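A.B. asks: sequence plus the predicted model coming up.
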Amino acid sequence: MNVGILGGGQLARMLVEAGTPLGLEFLIVDPKADACAAGMGRFMHTDYADHGALECLAACDRVTCDFENVPADALAAIEDRVAVRPSAAALAAAQDRLIEKERFTRLGMATPGYVEVNSRTDLQAAVETLGLPAVVKTRRMGYDGKGQMVLRDAEDLELAWRKLGEYPLIAEQWVAFDHECSITAVRASDGELRCWPVSRTWHREGILRLAASVPVTPSMQEAAATLVRRLAEDLAYVGCLTLELFVDGDRLLANEFAPRVHNSAHWTIEGAVCSQFENHLRAVCGLPLGATEARGASALVNFIGSMPAPAPWLALPGLHWHDYGKAAREGRKVGHATLCASGTGALKALLPRLEALVEPGLLRELDSTLDQA
């Protein structure tokens, strides 16, 4: 079976790695000549909406994406000739933060307060409604902390408007949450849905730095699974879908969702019975879904900007190294490592050996989380 992937980043790379043992072949389309998945299959270096590329994608058996901000209308143009999974409509639903939040509200999902902002006057009114601090974001594009600014006092409004005011914006209430987490689900075309365990997540400057698969209470797992199921069914979704959440006491607040495989679930490659990448392809290709149970406990560390030397770390039991083959650049995700152990106690015992690899404050927070698990 031939699978077309729009986008050639590390997610496409890992999809190909998971799909090749299933006998799948891949066509990858990306406008970057140095896309890190370029050598993983047939590669077309061209614009996402290029007519020739879309014709080649339409000739595939299935089409998917590794990035939600590809042109949804381009995919919509070929949906009558090839199964695009997830659909162009599902991708479009995640491309505008205001529409995303309005969907959460319509589905009865709690979310931080938000206000549409189209003018400087709107921004002032939004702050008066939401209070300070608040976060202002571009409605479209922007990821890993890009396209947003925290408003801490009245003087920040003018700076934010100068920086972002040329774009349609959304202002969001600042939530003093207890912690962040996410849940990744896979849904088949017949509606079968399976969820991986909730991932605990830690961000710095808007970029995911650390994620861990550690046991949560059954009630939290059930509540998160209920929310992601509600969203997936509303979107008639096929493939992997991640819902990012704020935990505020006993409340789960929907922050945003990603219609694709997701960084917070990279631990599933080695730490789950079937990874998010393999299960995404199983769903896309109409194959039976794999089991989503965790194999013990896992912690994932993102490498931002540049890759550390692997040699000292490969001796650590249960450590798995992933170099994406990307050029070093500030703020860029260039790889990750996943540390797997038989359980939370075994994982905790290994944490001191990560001291030079993980920011000390993050390591302390993970250690504390393992104590509570």
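C.D. replies: Good, I have the coordinates. Predicted, not measured: the structure shown is a model, and the values here were computed from it.
A.B. asks: please name the nearest non-neighbouring residue to W174.
C.D. replies: P133 (4.2 Å; C-beta to C-beta, 6 or more residues apart in numbering). Using the backbone N, CA and C atoms, a C-beta is placed for each residue, glycine as well.
A.B. asks: so who does the one you found touch?
C.D. replies: The contact partners of P133, by C-beta atoms under 8 Å, 6 or more residues apart in numbering, come to 150-152, 174.
A.B. asks: from those residues, which would you call buried?
C.D. replies: The neighbour count (16 or more other C-beta atoms under 10 Å) marks 151, 174 as buried among the contacts of P133.
A.B. asks: can you lay out the contacts of P133 as TSV showing secondary structure?
C.D. replies: TSV is the format used below for the contacts of P133 (DSSP: H, G, I helix; E, B strand; the rest coil):
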residue	secondary structure
V150	strand
L151	strand
R152	coil
W174	coil
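A.B. asks: reformat the contacts of P133 into TSV and put pLDDT next to each item.
C.D. replies: Formatted as TSV, the contacts of P133 follow (pLDDT from 0 to 100):
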residue	pLDDT
V150	90
L151	91
R152	91
W174	91
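A.B. asks: so what's the residue nearest the centre of the chain up against?
C.D. replies: Residue closest to the average C-alpha location in the chain (C-alpha atoms, centre = their mean): H262, at 3.2 Å. Counting by C-beta under 8 Å, 6+ apart, H262 makes contact with 182, 184, 240, 242, 276.
A.B. asks: how does the protein divide into domains?
C.D. replies: 2-84, 113-173, 179-372 (automatic domain parsing).
A.B. asks: picking up where we left off before, quick one, phi/psi of the residue nearest to W174?
C.D. replies: Dihedral pair for P133: phi -70, psi 160, per degrees, to the nearest 10.
A.B. asks: run through who's touching the helix or strand harbouring T338.
C.D. replies: Taking DSSP states H and E as the criterion, T338 maps to strand 333-341. Contact with strand 333-341 is made by 10, 144, 207, 263, 266-267, 269-271, 295-307, 313, 316, 318-324, 326-328, 347, 349-350, 354, 357, as judged by C-beta under 8 Å, 6+ apart.
A.B. asks: identify those among these that sit within strands.
C.D. replies: 207, 297-304, 319-323 (DSSP state E).
A.B. asks: top of the residues you listed by neighbour count?
C.D. replies: A299 (30 neighbours; other C-beta atoms under 10 Å).
A.B. asks: residue ranges with poor pLDDT in the protein?
C.D. replies: Residues of the chain meeting the criterion pLDDT under 70: 142-146.
A.B. asks: which stretches of the stretch 101-250 of the chain form helices?
C.D. replies: For the stretch 101-250 of the chain, the helices defined by DSSP state H, counting those that start in this stretch occupy 120-130, 156-164, 218-234.
A.B. asks: possible to save the contacts of P133 as JSON lines with distance to I28?
C.D. replies: JSON lines is the format used below for those (distance: C-beta to C-beta, whole Å):
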{"residue": "V150", "distance to I28": "36"}
{"residue": "L151", "distance to I28": "40"}
{"residue": "R152", "distance to I28": "42"}
{"residue": "W174", "distance to I28": "39"}
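A.B. asks: what's the closest of the contacts of P133 to G41?
C.D. replies: Using C-beta to C-beta, V150 is the member of the contacts of P133 that lies nearest G41, at 40.5 Å.
A.B. asks: wait, the closest one touches W174, no?
C.D. replies: Yes - the criterion here is C-beta atoms under 8 Å, and V150 meets it with W174 at 7.4 Å.
A.B. asks: quick check on E68: phi, psi?
C.D. replies: phi -80, psi -20.
A.B. asks: which non-adjacent residue is nearest it?
C.D. replies: Closest to E68 by C-beta to C-beta, 6+ apart is A94, at 4.9 Å.
A.B. asks: what sits against the one you found?
C.D. replies: A94 neighbours (C-beta under 8 Å, 6+ apart): 68, 100, 256-259.
A.B. asks: which of those sits closest to L231?
C.D. replies: Nearest to L231 among the contacts of A94, counting by C-beta to C-beta, is F257 at 6.2 Å.
A.B. asks: doesn't that closest one belong to a strand?
C.D. replies: Yes - according to three-state DSSP, F257 belongs to a strand.
A.B. asks: and it, bridged to which residues?
C.D. replies: Counting by DSSP bridges, F257 is bridged to L243.
A.B. asks: for it, the count of nearby residues, please.
C.D. replies: 28.
A.B. asks: G318 and L351 touch, don't they?
C.D. replies: No - look at G318 against L351 with C-beta under 8 Å: they stay out of range, at 11.8 Å.
A.B. asks: phi first, then psi, for Y324.
C.D. replies: The phi and psi values for Y324, taken as degrees, to the nearest 10, are phi -80, psi -10.
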